[in-house]
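Trainee: One predicted model, sequence on top.
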Amino acid sequence: MIKLYGHELSGNSYKPRLLLSLLNIEYEWIKVDLMKGEHKSSEFLAINPFGQVPVLVDGDTTLADAQAILVYLARQYGGEQWLPLDAVALSRVVRWLSTAAGEIRQGPEFARRYYLFNATYVNIDWANQKAEFILTQLNQHLSDRFATERSAERQWLECDRPTIADIAVFPYVALAPDGKISLEPYQHVLSWIERVKQLPGYIPMVGL
């Protein structure tokens, strides 16, 4: 059985949990208590020398990094539904994986760390600026009325269907209020968040 190491307050741990649930795949959840420093223990560092969650173990395969795990699960168990093979569509999905690890991390995720976990190393003014930028960009992307003939707004980030692009971007955007970032100015983002929550197999996390 697949093993997933993570923490319930970690948005990055939630990403593979959500995809596993959407794919209806059974797995064993192994909590790594970040508050007690278990991610820096010798036992955990033997699994992931980076000392970060999540980590997925599937047979002889051990993977760290939320985005990498999403790619693995999508290709191994989800087929082209969640990760397209077409070069253009694939590159557009990967772009959002990069955005999740870049602008979204530097903005909404860091703001959440500042307020929820007292992460004093975070420059909160800079994080707020990054959050405003990426949420504006995301809202504009989702508002593209020409993206699909069936709707006045784009339903999903790419491919006119949910992909791992949506799974990668969703948690820290939806959790933005934890970082005292209002989503009210971004109505297309709010509509998209609700669509994700309506997916068959959707499971919540703390804060959602």
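Mentor: In hand now; what should we look at?
Trainee: Can you pull out the low-pLDDT segments for the chain?
Mentor: Applying pLDDT under 70 to the chain flags the ranges 145-152.
Trainee: Let me see the ranges of the helices in it.
Mentor: Ranges of helices within the chain are 11-22, 42-45, 66-73, 87-101, 103-104, 110-116, 124-142, 164-174, 187-197, based on DSSP state H.
Trainee: Using the record's assignment, carve the protein into domains.
Mentor: As assigned by the TED database, the chain contains the domains 2-78, 87-198.
Trainee: will you turn the ones you listed into TSV that also has mean neighbour count?
Mentor: For glycine as for every other residue, the C-beta is placed from the backbone atoms N, C-alpha and C. Shown next, in TSV, are the domains of the chain (neighbours: other CB atoms under 10 Å):
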stretch	mean neighbour count
domain 2-78	17
domain 87-198	18
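Trainee: one step back: out of the helices of the chain, which is closest to P54?
Mentor: Minimum separation from P54 across those (CB to CB) falls at helix 11-22, 4.4 Å.
Trainee: from the chain's centre, how far out does the closest one sit?
Mentor: The chain centre lies 8 Å from the centre of helix 11-22; the measure is CA atoms, centre = their mean, to the nearest Å.
Trainee: Find the residue closest to the most centrally placed residue in the chain in space, skipping its chain neighbours.
Mentor: In the chain, the residue lying closest to the centroid (CA atoms, centre = their mean) is A168, at 3.0 Å. In space, and not counting its chain neighbours, A168 is closest to A100: 4.0 Å by CB to CB, 6 or more residues apart in numbering.
Trainee: sorry, back to before: could you save the helices of the chain as a markdown table and add columns showing distance to Q155?
Mentor: Shown next, in a markdown table, are those (distance: least, CB to CB, whole Å):
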| stretch | distance to Q155 |
| --- | --- |
| helix 11-22 | 16 |
| helix 42-45 | 39 |
| helix 66-73 | 20 |
| helix 87-101 | 15 |
| helix 103-104 | 20 |
| helix 110-116 | 26 |
| helix 124-142 | 8 |
| helix 164-174 | 10 |
| helix 187-197 | 6 |
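Trainee: how about those, which one is nearest K180?
Mentor: Set against K180 and scored by CB to CB, the helices of the chain come closest in helix 110-116, at 5.7 Å.
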